[in-house]
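Novice: Pasting the sequence and the predicted model now:
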There are 2 protein chains.
Amino acid sequence: MVRAKEATRSALDIDVTVLRLGHRLVRDERISTHIGLVSRAFGARSLVLTGADDHTVDSIRRVRDSWGGEFEVSYVKNWKEFVNKWKGTVVHLTMYGENLDECLNKIRKELGLKERKALLLVVGAEKVPPQIYSEANYNVSVGNQPHSEVAALAVFLDRLFMGGELYSTFVKAKLRIKPSARGKKVEIANED
Amino acid sequence: MVRAKEATRSALDIDVTVLRLGHRLVRDERISTHIGLVSRAFGARSLVLTGADDHTVDSIRRVRDSWGGEFEVSYVKNWKEFVNKWKGTVVHLTMYGENLDECLNKIRKELGLKERKALLLVVGAEKVPPQIYSEANYNVSVGNQPHSEVAALAVFLDRLFMGGELYSTFVKAKLRIKPSARGKKVEIANED
């Protein structure tokens, strides 16, 4: 079976999992849903939430089922154990971290030396446990101003995949957009 | 007085105002706050909300007051009148629109011919009034997948300003981050 985003992934050969740290029920539902949809649309393979939230998980899966691809959503109880067991590079996105462009070069070099190019991208909510700063291999800032974890995630993935992720196709899509200058054009996809 | 982001703006000489369409009280508060903070951090000059929401406006102004710059937030009752009166280019970000990179070249060319390089960037909530598709000069997609207006806005501004917006300084900042590999380093800014 052909994987979603095969072109993007094979060009760079990096598997990205996004870990959403500190998700709080109800309060973070919409932002975490945006995090999940951005992860999928910008070329990540899966999202892991800390703590169960069926509503958020269902929202993201519904989008995947209509628009295609094999994006996975799950949750873990113990984020620290999950990070410790990660076989690959761990990047924590934070406004306090080092400059994105400088880090990206280091991260690309490091991943280039590994057989399994697995990147865990940690995205916090308002408060994150302080240990994540030492558990991560890189603390990376997308600008040193307060803004949005959704924006930080999107810009990081856009730079990592060098824009190639944005217009890739998704397998098993039921719906597909026909880009147009005016109005909405949606096609029913029937291939794959 | 020196303007915030002078370097970025003078290099490209584009003034960006973000219009957040369809903001709903309470439900959209957090997402609209993210929209405002991303606008400020990624080099826009102001945010205009459709409909009053003091809570959202206050949140964004509080960030500006601590972290600097001259970002403005306001609201309008009649979005259509506001768009019609806009003297400059109007870009509507939508998943149904034309490819970002193709549009950016056209938008840059168009702005290059104008004395006042004023760009109105329209960012919708879940439902937008259909008229915006014809009112806008360009309907632009940041990928043709459902994801997030926060992400679309960030990536559009990042591409427009070619990354130059991310590490610019803000005048009148009380707080400033010292980027670091581990932990949080915040300085009290005392210049300007």
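Specialist: That came in fine, so what should we check first?
Novice: ok, A:I31 to chain B distance?
Specialist: 6 Å (CB to the nearest CB, to the nearest Å). For glycine as for every other residue, the C-beta is placed from the backbone atoms N, C-alpha and C.
Novice: which ones are touching that residue?
Specialist: Contacts for A:I31 (CB atoms under 8 Å, 6 or more residues apart in numbering or on different chains) come out as A:125, A:149-150, B:30-31, B:34.
Novice: As CSV, those with distance to A:T169 would be great.
Specialist: As requested, those are exported to CSV (distance: CB to CB, whole Å):
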residue, distance to A:T169
A:A125, 32
A:E149, 27
A:V150, 23
B:R30, 32
B:I31, 28
B:H34, 29
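Novice: which one of the residues you listed sits closest to A:F71?
Specialist: The closest of the contacts of A:I31 to A:F71 turns out to be A:V150 (CB to CB; 16.1 Å).
Novice: do you know how far the residue nearest to A:W79 when sequence neighbours are not counted is from chain B?
Specialist: Leaving aside its chain neighbours, A:W79 sits nearest to A:T50 (4.6 Å; criterion: CB to CB, 6 or more residues apart in numbering or on different chains). The gap separating A:T50 from chain B is 19 Å, by CB to the nearest CB.
Novice: quick one, phi psi at A:T50?
Specialist: Main-chain dihedrals, A:T50, degrees, to the nearest 10: phi -90, psi 110.
Novice: Count the neighbours of it for me.
Specialist: 21 (other CB atoms under 10 Å in any protein chain shown).
Novice: residues touching it, list them.
Specialist: A:19-23, A:75-77, A:79.
Novice: Just the residues you listed: which are in helices?
Specialist: A:W79 (DSSP state H).
Novice: Which residue in the contacts of A:T50 has the weakest pLDDT?
Specialist: Lowest pLDDT within those is found at A:H23 (80).
Novice: In chain A, where is pLDDT below threshold?
Specialist: A:1-12, A:191-192 (pLDDT under 70).
Novice: so after the helix or strand hosting A:L47, what's the next helix or strand?
Specialist: Using DSSP states H and E, the element containing A:L47 is strand A:46-50. As assigned by DSSP H and E, the chain's next helix or strand after strand A:46-50 is helix A:54-67.
Novice: Which of the contacts of A:I31 sits closest to A:A41?
Specialist: Looking across these and measuring by CB to CB, the closest to A:A41 is A:V150, at 11.4 Å.
Novice: what's near enough to touch the closest one?
Specialist: A:31, A:34-35, A:38, B:34, B:148, B:150-151, B:154.
Novice: Just the C-alpha atoms of stretch A:161-179, please, in PDB.
Specialist: Only the C-alpha atoms of stretch A:161-179 are listed here, as PDB (Å, rounded to 0.1, in the frame of the first residue of the first chain):
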ATOM      1  CA  PHE A 161      10.000  19.700   4.800                       C
ATOM      2  CA  MET A 162      10.900  22.800   2.900                       C
ATOM      3  CA  GLY A 163       7.400  23.500   1.800                       C
ATOM      4  CA  GLY A 164       7.100  20.200   0.000                       C
ATOM      5  CA  GLU A 165       4.500  18.900   2.500                       C
ATOM      6  CA  LEU A 166       1.800  21.500   1.600                       C
ATOM      7  CA  TYR A 167       0.400  20.200  -1.600                       C
ATOM      8  CA  SER A 168       1.100  16.400  -1.300                       C
ATOM      9  CA  THR A 169      -1.800  14.000  -1.900                       C
ATOM     10  CA  PHE A 170      -3.400  11.800   0.700                       C
ATOM     11  CA  VAL A 171      -4.300   8.100   0.000                       C
ATOM     12  CA  LYS A 172      -7.800   6.900   0.600                       C
ATOM     13  CA  ALA A 173      -9.300  10.400   0.500                       C
ATOM     14  CA  LYS A 174     -13.000  10.700   0.000                       C
ATOM     15  CA  LEU A 175     -12.900  14.400  -0.600                       C
ATOM     16  CA  ARG A 176     -10.300  16.500  -2.500                       C
ATOM     17  CA  ILE A 177     -10.200  20.200  -3.200                       C
ATOM     18  CA  LYS A 178      -9.700  21.600  -6.600                       C
ATOM     19  CA  PRO A 179      -7.800  24.900  -5.900                       C
END
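Novice: Would you mark the buried spots in it?
Specialist: A:161, A:164-173, A:176-177, A:179 (16 or more other CB atoms under 10 Å in any protein chain shown).
Novice: Would you convert the residues you listed into JSON lines that also reports distance to chain B and secondary structure?
Specialist: Formatted as JSON lines, these follow (distance: CB to the nearest CB, whole Å; DSSP: H, G, I helix; E, B strand; the rest coil):
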{"residue": "A:F161", "distance to chain B": "11", "secondary structure": "coil"}
{"residue": "A:G164", "distance to chain B": "11", "secondary structure": "coil"}
{"residue": "A:E165", "distance to chain B": "8", "secondary structure": "coil"}
{"residue": "A:L166", "distance to chain B": "4", "secondary structure": "coil"}
{"residue": "A:Y167", "distance to chain B": "6", "secondary structure": "coil"}
{"residue": "A:S168", "distance to chain B": "9", "secondary structure": "coil"}
{"residue": "A:T169", "distance to chain B": "10", "secondary structure": "coil"}
{"residue": "A:F170", "distance to chain B": "7", "secondary structure": "coil"}
{"residue": "A:V171", "distance to chain B": "13", "secondary structure": "coil"}
{"residue": "A:K172", "distance to chain B": "14", "secondary structure": "coil"}
{"residue": "A:A173", "distance to chain B": "9", "secondary structure": "coil"}
{"residue": "A:R176", "distance to chain B": "8", "secondary structure": "strand"}
{"residue": "A:I177", "distance to chain B": "4", "secondary structure": "strand"}
{"residue": "A:P179", "distance to chain B": "5", "secondary structure": "coil"}
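Novice: Specify the local secondary structure of the nearest residue to A:P179 once chain neighbours are set aside.
Specialist: Nearest residue to A:P179, sequence neighbours excluded (CB to CB, 6+ apart): B:E98, at 5.2 Å. When classified by DSSP: H, G, I helix; E, B strand; the rest coil, B:E98 comes out as strand.
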